[in-house]
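> the sequence isn't on hand, but the structure is:
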């Protein structure tokens, strides 16, 4: 990028994520190929900054810290030392990778997919099945699963049609993982399904919004949760 400083032209070369002495050495060697090179840096790692300053001095390349005085003044103002952790706001620590792994697991195990992996899940959510190709159950299984995944929990959710929907390994060992049943009030589910049908201009599927059928679905789900001693959450008036 060409710049002008009064009548002086100069090129600017930017280097990002410089965190090793080897990277610094390569940058200095590159700078040495140019006449009158100057290095401005924002390295907060004190040992690496010192290495840069020493190598620059050896090569007779002026090096100036852009943040040095600024950080020092802030330290005095706030009466505390700076952490000197590079890219601290974007630290790729173990917790970060665990969260990414949990999100990937949860997405792959959404809506009854790969239920054979129940033993690998931190949490299992069971909720009334959508029982329709229109794809709405509204017991918030998927959004709740994604929320939990962002907190680092591998979450598997299963639509509950009947007991046959539950993996055999989980029925044999109900405490295999932390299992939570999600339920809702029948009338609320009726209203949601009617709105969904109207949006899709669907009029034929009356079973989908039949209050008696929905009450039966929800009651059967509650009986299943009680049978296996799984705690339940009524999501009728709850956000995630």
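Perfect, I can see it now. What you are looking at is a predicted structure, and each value in this text was computed from that prediction instead of being measured. Numbers count the residues shown, from 1 in each chain.

> show me what contacts the nearest residue to residue 95 once chain neighbours are set aside?
Leaving aside its chain neighbours, residue 95 sits nearest to residue 152 (6.9 Å; criterion: CB to CB, 6 or more residues apart in numbering). Heads up, the C-betas are built off the backbone N, CA and C, glycines and all. Contacts for residue 152 (CB atoms under 8 Å, 6 or more residues apart in numbering) come out as 95, 98, 99, 102.

> per-domain residue ranges of the protein.
2-90, 94-234 (automatic domain parsing).

> switch the ones you listed over to JSON lines; also include mean pLDDT.
JSON lines is the format used below for the domains of the chain (pLDDT from 0 to 100):
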{"stretch": "domain 2-90", "mean pLDDT": "79"}
{"stretch": "domain 94-234", "mean pLDDT": "85"}
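
> out of these, deepest packed?
domain 94-234 (a mean of 17; mean count of other CB atoms under 10 Å).

> what about it, how long is it end to end?
For domain 94-234, the separation between the terminal residues is 34 Å (CA to CA, to the nearest Å).

> distance of residue 114 from residue 104?
12 Å (CB to CB, to the nearest Å).

> for this structure, just list every one of the helices.
21-32, 46-58, 68-78, 94-108, 141-150, 168-172, 186-199, 211-227 (DSSP state H).

> which strands or helices does the fourth one pack on?
Contacts defined by 3 or more CB pairs under 8 Å, 6 or more residues apart in numbering; DSSP states H and E place helix 94-108 against helix 141-150, strand 155-160.

> still on that earlier bit, and the helices of the chain as a markdown table, adding distance to residue 179?
Output for the helices of the chain, formatted as a markdown table (distance: least, CB to CB, whole Å):
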| stretch | distance to residue 179 |
| --- | --- |
| helix 21-32 | 49 |
| helix 46-58 | 49 |
| helix 68-78 | 48 |
| helix 94-108 | 15 |
| helix 141-150 | 12 |
| helix 168-172 | 7 |
| helix 186-199 | 21 |
| helix 211-227 | 9 |
